[in-house]
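Peer 1: Below are the sequence and a predicted model for it; my questions follow.
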Amino acid sequence: MGDSGGGITDGDHKLPRGRFPWFSVDGKTHKPYMIGIGGGSASGKTSVANHIIKKLGVPWVVLLQMDSFYKSLSKAEIEQAYANNYNFDHPNSFDFDVLFETLKNLKSGVKVDVPIYDFGTHSRANIIIFEGIFALYDPKVRDLMDLMLFVDTDSDVRLARRLKRDIAERGRDIHGVLQQYKKYVKPAFDDYILPTMKHADVIVPRGSDNVAAINVIMQHITRELDARDLSLRSQLLQLRYPAQKPDSVVVLESNPEVHAMLQTLEEKGVSREDFEFMVDRLSRLVVERGLLEFEKVNPSMMETTNVLKLHEKIKGTNYAPWLDASHQQTPTWNCHACQPINSRSPSPSGHSDETAATQLVNDVAEIELHHCRLPRDIRDRVVIITDVTTSTGAAAMMAVRIVLDHGVEEKNIIFLSLVATSHGLHVLANAFPEVKIVVAHVVSEIYPGIRQIEEIRHFGDRSFTDLISP
Ligand SMILES: Nc1ncnc2c1ncn2[C@@H]1O[C@H](COP(=O)(O)OP(=O)(O)O)[C@@H](O)[C@H]1O
Ligand SMILES: Nc1ccn([C@@H]2O[C@H](COP(=O)(O)O)[C@@H](O)[C@H]2O)c(=O)n1
């Protein structure tokens, strides 16, 4: 057991480094995995939580602490607290209603507002850890938990740690700590906290020192997450769809120009120069068509002036540049309508808030999200998602899901692809029927050979090597 460069490994279980799918084949989000950690004060709850987070090694974990849910004190109560006469260890000191609502909202993926709380880079988490002396106390809160741990550390050790911590970090003196411990902390532990141990799935003696217990917990968590979330691609591949294209999909009219371009692009021996030229040309047509679809303009009115007007509008305020990078797109979608949205490296440091970008890695068995940075006002924008080649539709789904999670309306999303399987298009259209989908060419694959069919592989490879590599 131990960490590897590719994420955490526990026996044969491995969590990806990026965020794995948090939604199912119908595009709806899964509930996050919720872990509750209870135990006495200074038993090591926070330390165990931090060990788990470190071992998970993924950014999609949120730690929520019970301290955030203390009821606010009146002036008189503040004075009592200063005189060591306020009981911070009684269940009544906590606002369990707000706590439950917050956890419930988090579990449903609703954005919550909690001080001392960090959502990291994405508004949703796959894993939520809630720790505190009363984490396992309220039955309604317990019902939300997928896994409950109780950190069982000897009371002498807890008192010694608490003395050290409260004097060093909380401005208390030895007399005050001992007084508070005797008057409130110990009785509350005996009366309210210790009885919650029976609800725990796993009791962790000695807290974070207990490497074996934490490893067993890690194995359990990775297995659970594995079973829940890591099979999106294989599930997508098992779906069966009718031959006719979905209503929301528009395919470029096959005129001689489009036909010739596609033929050239499919030729294995096509020169780099020709490939770049054709991809650029085809991308423009797809972008233009996408914009016209969005504006509900009849394609027969697609005169230069109309297109330019649309371009101006897009260049102005309501266009959110967006990159769904299956590593291939870089300059492909550079056209006059879309300012170069991804001519930079897709490393997190390479993007300003104004240059929205996400990097989806889909060359592994399961799609993963590695990077996501979007403009703050994205919810008010029209978002164009580009994907040079759409195969299973998994990457496309993840890109749309992220945009929706950031508050963009489904009808304000345009998805553009150059070559797509009809399966991938069905996947996307079924999950997100209001997304406008425009594609230059559809490959009608034969089941079950959808994976990386030759045509798509060639096109994708060329897009990557010819358009991204220097
Ligand atoms: N295994 C350990 N060995 C030594 N000190 C520890 C250990 N675990 C925690 N501590 C210390 O004890 C104090 C309380 O630990 P913490 O994890 O915050 O407990 P809790 O969240 O249960 O109050 C902290 O100062 C922490 O550094
Ligand atoms: N203003 C406060 C608030 C809380 N406490 C003590 O914190 C303990 C819970 O936190 P742990 O990290 O130790 O679990 C609890 O026992 C309270 O007595 C405090 O002293 N002052």
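Peer 2: That came through, no problem. Numbering: from 1, shown residues only. Ligands and ions are numbered 1, 2, ... in the order given.
Peer 1: number of nearby residues for R161?
Peer 2: For R161, the neighbour count with other Cβ atoms under 10 Å is 17. Using the backbone N, CA and C atoms, a C-beta is placed for each residue, glycine as well.
Peer 1: in which helix or strand would I find it?
Peer 2: Per DSSP states H and E: R161 is located in helix 155-169.
Peer 1: What lies in contact with whichever helix or strand comes after that helix?
Peer 2: Once the chain leaves helix 155-169, the next helix or strand it forms, by DSSP H and E, is helix 174-180. Residues outside helix 174-180 that contact it (Cβ atoms under 8 Å, 6 or more residues apart in numbering) are 84, 88, 162-163, 166-167, 172.
Peer 1: sorry, back to before: quick one: average pLDDT of the helix holding R161?
Peer 2: On average, the pLDDT along helix 155-169 is 95.
Peer 1: so how far is ligand 2 from Y82?
Peer 2: Taking Cβ to the nearest ligand atom, to the nearest Å as the criterion, Y82 is separated from ligand 2 by 10 Å.
Peer 1: Which of the contacts of helix 174-180 sits closest to P205?
Peer 2: The shortest gap between P205 and any of these belongs to R162, at 18.2 Å (Cβ to Cβ).
Peer 1: ok, the closest one - how many residues close by?
Peer 2: Under the criterion other Cβ under 10 Å, the count of neighbours that R162 has is 21.
Peer 1: nearest spatial neighbour of it, skipping sequence neighbours?
Peer 2: With Cβ to Cβ, 6 or more residues apart in numbering as the measure, A42 is the residue that lies nearest to R162, at 4.0 Å, once sequence neighbours are left out.
Peer 1: What score does that neighbour have for pLDDT?
Peer 2: On the pLDDT scale, A42 gets 96.
Peer 1: tell me the secondary structure for it?
Peer 2: In three-state terms, and counting by DSSP: H, G, I helix; E, B strand; the rest coil, A42 is coil.
Peer 1: Which residues are in contact with it?
Peer 2: The neighbours of A42, taking Cβ under 8 Å, 6+ apart as the test, are 153, 158-159, 161-162, 165.
Peer 1: Tell me which other helices or strands the helix ranked longest in the chain touches.
Peer 2: For the chain, the longest helix by residue count, based on DSSP state H, is helix 272-295. Secondary structure elements in contact with helix 272-295, counted by 3 or more Cβ pairs under 8 Å, 6 or more residues apart in numbering; DSSP states H and E, are helix 256-266, helix 304-316, strand 382-390, strand 413-421, strand 436-443, helix 454-467.
Peer 1: Which of the ones you listed comes out lowest on mean pLDDT?
Peer 2: helix 304-316 (a mean of 40).
Peer 1: can you put the contacts of A42 in JSON lines and add distance to I214?
Peer 2: Supplementary listing: the contacts of A42 in JSON lines, determined by distance: Cβ to Cβ, whole Å:
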{"residue": "T153", "distance to I214": "14"}
{"residue": "R158", "distance to I214": "19"}
{"residue": "L159", "distance to I214": "23"}
{"residue": "R161", "distance to I214": "18"}
{"residue": "R162", "distance to I214": "22"}
{"residue": "R165", "distance to I214": "21"}
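Peer 1: What is the most widely separated pair among these?
Peer 2: Set against one another by Cβ to Cβ, the contacts of A42 have their most distant pair in T153 and R165, with a gap of 13.2 Å.
Peer 1: and E409, what is it in contact with?
Peer 2: Shown in contact with E409 (Cβ under 8 Å, 6+ apart): 379, 434.
Peer 1: Dihedrals phi and psi, it?
Peer 2: For E409, the backbone dihedrals are phi -70, psi 140 (criterion: degrees, to the nearest 10).
Peer 1: Check what contacts stretch 72-88 and list those residues.
Peer 2: For stretch 72-88, the external contacting residues (Cβ under 8 Å, 6+ apart) are 70, 93, 176, 179-180, 183-184, 188.
Peer 1: Need the buried ones from the residues you listed selected in PyMOL.
Peer 2: Applied in PyMOL, the following selects the buried portion of those according to 16 or more other Cβ atoms under 10 Å:
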select buried, resi 93+176+180+184+188
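Peer 1: Looking at the contacts of stretch 72-88, spot the one nearest L265.
Peer 2: Sorting the contacts of stretch 72-88 by distance to L265 puts Y70 at the head of the list, at 62.5 Å, by Cβ to Cβ.
Peer 1: give me the residue from the stretch 151-300 of the chain nearest ligand 2.
Peer 2: As assessed by Cβ to the nearest ligand atom, ligand 2 sits closest to V185 within the stretch 151-300 of the chain, at 4.9 Å.
Peer 1: helix/strand/coil for that residue?
Peer 2: Counting by three-state DSSP, the backbone at V185 sits in helix.
Peer 1: show me the contacts for it.
Peer 2: Listed by Cβ under 8 Å, 6+ apart, the contact set of V185 reads 40-41, 89, 162.
Peer 1: before we move on, what about K71?
Peer 2: When contacts are counted by Cβ under 8 Å, 6+ apart, K71 touches 92-95.
Peer 1: quick one: which helix or strand includes V250?
Peer 2: V250 is located in strand 249-251, with elements delineated by DSSP H and E.
Peer 1: Quick one: mean pLDDT over that strand.
Peer 2: pLDDT averaged over strand 249-251 equals 94, rounded to a whole number.
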